[in-house]
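Participant: Sequence plus the predicted model coming up.
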Amino acid sequence: MKKYQWKAFFHISIIFLLLTACEDKRDTNGTLLFENLESESKNSPVFFKGEKYTGSIVKYNEDGTLVFQGSYKEGLKDGVWKYYHPNGKLKREESNPPSSNEKYIVKTYRSTTGRLFTELIGKGEDTIHYKKYHHNGILGVELKNDGQRIFQKWTSFGNLYHYDNQDSIAYTINTKTKEYTYKGRFENGKKTGFWFKHYSNGNKEYEKNYQSGKLVGKSIDYFANGKISKEANYNQNGILEGDYKQYHKNGSIFMIGKYDHKGRRTNTWKYYTEKGKLLTIKNYLFDKLNGYFEDYSYRGKIREKGHYLNNRKVGEWYYYDKYGKFLRKVNEDE
């Protein structure tokens with residue numbers, strides 16, 4: 001009798017262990033643990049016991065703190081999902097994941113203060129409303145892109161210093177001097193009229209004119225030290241035309257030349273050192289080297305001279321050493 005009882009107990013124990021092994025893993029509240037689910041990839045539906053899962057889910061770290069919690073419907077994320085920092089504070093909150101066709105909302109929170117850090121509203125692949133907050137909770141950045149793009153920035157004291165509306169104006173204000181450091185106007189989302197920008201030290205960075213988003217007229221760029229770095233002209237098609245100049249940082253000319261109406265280099269172009277010594281003379285026609293050419297060292301000694309035809313050396317060319325002493329004459333046609 002005892003032997004029979006022992007065998008019965010043994011079989012019952014085995015059955016109990018098998019049932020226990022097949023039991024769903026859940027937390028103390030009865031919510032299914034994430035470890036129960038299976039999926040072929042990150043973006044594929046999740047399955048539970050061979051079927052697409054519908055219901056709540058939760059995941060914990062080894063120390064018992066929450067990783068995330070949410071729910072699925074037919075194997076796909078559904079409703080509000082919450083993610084947590086290691087210290088237990090809310091890290092991220094999202095509803096209607098980006099994979100859905102509806103507007104989705106994502107909020108993130110700082111781990112130290114628990115304050116709201118960013119808010120995002122999107123649809124499909126587009127961000128239609130975005131906010132970012134300073135550490136003290138004051139709004140710092142806002143982007144609205146739902147049919148009309150508006151981009152704004154505030155200091156941590158709540159002072160607006162940057163505004164960009166592609167149907168009106170754009171500007172940036174120096175928060176100390178209260179002067180504009182960047183300003184221009186949009187029409188139908190395209191830059192129009194006079195635009196300028198300043199460096200952080202107050203000096204000009206550029207002055208440009210636009211028409212329907214294209215550069216037109218005179219355009220000037222500056223070095224941070226206040227000296228002009230480039231002067232150019234653009235025709236009504238937004239193409240470089242006419243005189244073109246570039247400068248060294250000390251204000252001396254570096255390059256001077258011309259562009260034709262199709263933005264091609266034409267006529268004589270000259271290059272100089274910072275001390276004003278001639279470096280190179282080039283002649284162009286239809287953006288190709290055509291005509292007389294001279295090249296000098298930084299010491300002002302000639303190195304070579306001759307003629308080009310459609311970017312190819314032709315005729316007699318003269319070559320010199322670094323001291324300007326004649327070396328040889330070569331007929332490039334031979």
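Facilitator: That came through, no problem. Numbering: from 1, shown residues only.
Participant: List the buried residues for stretch 166-184?
Facilitator: Applying a neighbour-count criterion of 16 or more other Cβ atoms under 10 Å, one finds Q166, A170, Y171, T172, I173, T181, Y182, K183, G184 buried in stretch 166-184. In short, each C-beta sits where N, CA and C put it, glycine included.
Participant: Redo those residues as a markdown table? Include secondary structure and pLDDT.
Facilitator: Below are these laid out as a markdown table (DSSP: H, G, I helix; E, B strand; the rest coil; pLDDT from 0 to 100):
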| residue | secondary structure | pLDDT |
| --- | --- | --- |
| Q166 | coil | 78 |
| A170 | strand | 87 |
| Y171 | strand | 85 |
| T172 | strand | 89 |
| I173 | strand | 88 |
| T181 | strand | 89 |
| Y182 | strand | 88 |
| K183 | strand | 93 |
| G184 | strand | 92 |
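Participant: between those residues, which is nearest K214?
Facilitator: Closest approach to K214 among the buried residues of stretch 166-184 (Cβ to Cβ): G184, at 13.6 Å.
Participant: Kindly reformat the buried residues of stretch 166-184 as JSON lines containing distance to R110.
Facilitator: Output for these, formatted as JSON lines (distance: Cβ to Cβ, whole Å):
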{"residue": "Q166", "distance to R110": "31"}
{"residue": "A170", "distance to R110": "30"}
{"residue": "Y171", "distance to R110": "30"}
{"residue": "T172", "distance to R110": "27"}
{"residue": "I173", "distance to R110": "27"}
{"residue": "T181", "distance to R110": "30"}
{"residue": "Y182", "distance to R110": "30"}
{"residue": "K183", "distance to R110": "34"}
{"residue": "G184", "distance to R110": "35"}
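Participant: In the record's domain split, what are the boundaries for this protein?
Facilitator: As assigned by automatic domain parsing, the chain contains the domains 166-243, 264-334.
Participant: Just send these back as JSON lines, with distance to V80 too.
Facilitator: Supplementary listing: the domains of the chain in JSON lines, determined by distance: least, Cβ to Cβ, whole Å:
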{"stretch": "domain 166-243", "distance to V80": "33"}
{"stretch": "domain 264-334", "distance to V80": "60"}
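Participant: of these, which approaches Y84 most closely?
Facilitator: Nearest of the domains of the chain (Cβ to Cβ): domain 166-243, 35.9 Å.
Participant: That closest one: end-to-end distance?
Facilitator: 32 Å (Cα to Cα, to the nearest Å).
Participant: go on, stretch 55-73?
Facilitator: End-to-end distance of stretch 55-73: 7 Å, with Cα to Cα as the criterion.
Participant: What average pLDDT does that stretch get?
Facilitator: Mean pLDDT, computed over stretch 55-73, is 93.
Participant: and of the domains of the chain, who's closest to N145?
Facilitator: Among the domains of the chain, the nearest to N145 by Cβ to Cβ is domain 166-243 (9.6 Å).
Participant: Pull the number of nearby residues for D295.
Facilitator: By other Cβ atoms under 10 Å, 17 other residues sit near D295.
Participant: Could you report the pLDDT at it?
Facilitator: With respect to pLDDT, D295 scores 95.
Participant: Could you list the paired strands of the helix or strand harbouring it along with their orientation?
Facilitator: Element membership for D295 (DSSP states H and E) is strand 291-296. Sheet pairing here is set by DSSP bridges, and for strand 291-296 it gives strand 278-285 (antiparallel), strand 302-309 (antiparallel).
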